[in-house]
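Student: need a structure here:
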Amino acid sequence: MAEVKTIKPDELAKLHEEKGVDVIDVRTPAEFREVHAPIAVNIPLDKLCADHIKERTNENGDATVYVICQSGNRSSMACQKLIESGVTNVVSVEGGTKAWDQMGLPVNRGKKTISLERQVRIAAGFLVLTGALLGMFVNPWFSGLSAFVGAGLMFAGITDTCGMAMMLAKMPWNQVATGEKAQCRV
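Tutor: You can find the predicted model right below:
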C-alpha cells in the first residue's frame with residue numbers, strides 16, 4: 001500500500017483561493033446534499049475511477065486532485081484506490097467535511113439526512129436484536145444472525161472496510177436524482 005498524502009481543510013481552502021484546485025467529495029449524494037464544501041464536486045466512492053481524475057488534470061496529467069468525505073476515511077480509501085490504478089496526483093483532506101465545517105470554512109447546506117455511519121449502527125443493532133430475540137423465542141439457530149453481524153462489525157473494525165456501509169450507500173434513500181450519471185470507460 002502506498003502512502004496517501006493529506007492536507008488540512010484550511011490549507012486546502014487557501015490553496016483553492018490561490019490556484020482554484022479540484023476537490024472531489026466521495027460521499028453518497030444524500031450526504032453531499034446535506035452539507036458540503038462549495039468547492040467540491042460529488043462523485044461517490046463506489047462510482048469513482050481513474051477516468052474521473054484524468055478528466056480533471058491538465059494535459060501533462062500532473063495537476064493534483066483533492067478528495068474529501070465526511071471524516072477522512074472514505075477519502076483515504078478513494079485515494080488508495082486511485083493510486084493502485086496508477087493515479088498518483090491525489091490528496092486526502094484530513095478530517096473531511098466535518099473538519100472543514102468545524103474550522104468555520106464555508107459550506108452549502110441542504111436537506112438533512114441520516115449519516116451513513118448512523119445507518120450502519122441502526123441496521124446492525126436491529127439485526128443483532130432480531131437475531132437474539134428469534135434465538136430466544138423461536139429457534140436457537142437464529143442466534144447465528146447476531147454472531148454473523150458481530151463478525152462483520154469486527155471485520156469492519158480490523159480492515160477499516162464496511163460491507164454494510166457499502167450496501168447502504170447504494171440504497172435509494174442515499175441517492176439524489178440527478179441528470180447525468182458518472183460513467184467510467186472500461
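
Student: So for stretch 122-136, mean pLDDT?
Tutor: Averaging pLDDT along stretch 122-136 gives 97.

Student: Just the buried positions in it, please.
Tutor: 124, 127-128, 131, 134-135 (16 or more other C-beta atoms under 10 Å). Using the backbone N, CA and C atoms, a C-beta is placed for each residue, glycine as well.

Student: ranges for the helices of this structure?
Tutor: 9-19, 29-34, 50-56, 73-84, 96-102, 116-137, 143-159, 163-169 (DSSP state H).

Student: related to what we said a few turns ago, which among the buried residues of stretch 122-136 gets closest to Leu168?
Tutor: Nearest to Leu168, judged by C-beta to C-beta, of the buried residues of stretch 122-136 is Ala124 at 10.4 Å.

Student: List the residues that contact the nearest residue to that closest one once chain neighbours are set aside.
Tutor: Spatially, and ignoring its direct neighbours in sequence, Ala124 is nearest to Val149 (5.5 Å; C-beta to C-beta, 6 or more residues apart in numbering). Applying C-beta atoms under 8 Å, 6 or more residues apart in numbering to Val149 gives the contacts 124, 127-128, 131.

Student: So Tyr66 sits against Gly20, correct?
Tutor: No: here Tyr66 does not reach Gly20: they are 11.6 Å apart, not a contact under C-beta atoms under 8 Å.

Student: isn't Ser75 right up against Leu82?
Tutor: No: look at Ser75 against Leu82 with C-beta under 8 Å: they stay out of range, at 10.5 Å.

Student: hey, what's in contact with both of the two?
Tutor: Residues touching both Ser75 and Leu82 (C-beta under 8 Å, 6+ apart) are Val67.

Student: which of these two has more neighbours?
Tutor: Between Ser75 and Leu82, Ser75 has the larger neighbour count (other C-beta atoms under 10 Å), namely 30 against 22.

Student: Now for that one: which residues touch it?
Tutor: 26, 67-69, 92-93, 96.

Student: Fine by me, thanks again.
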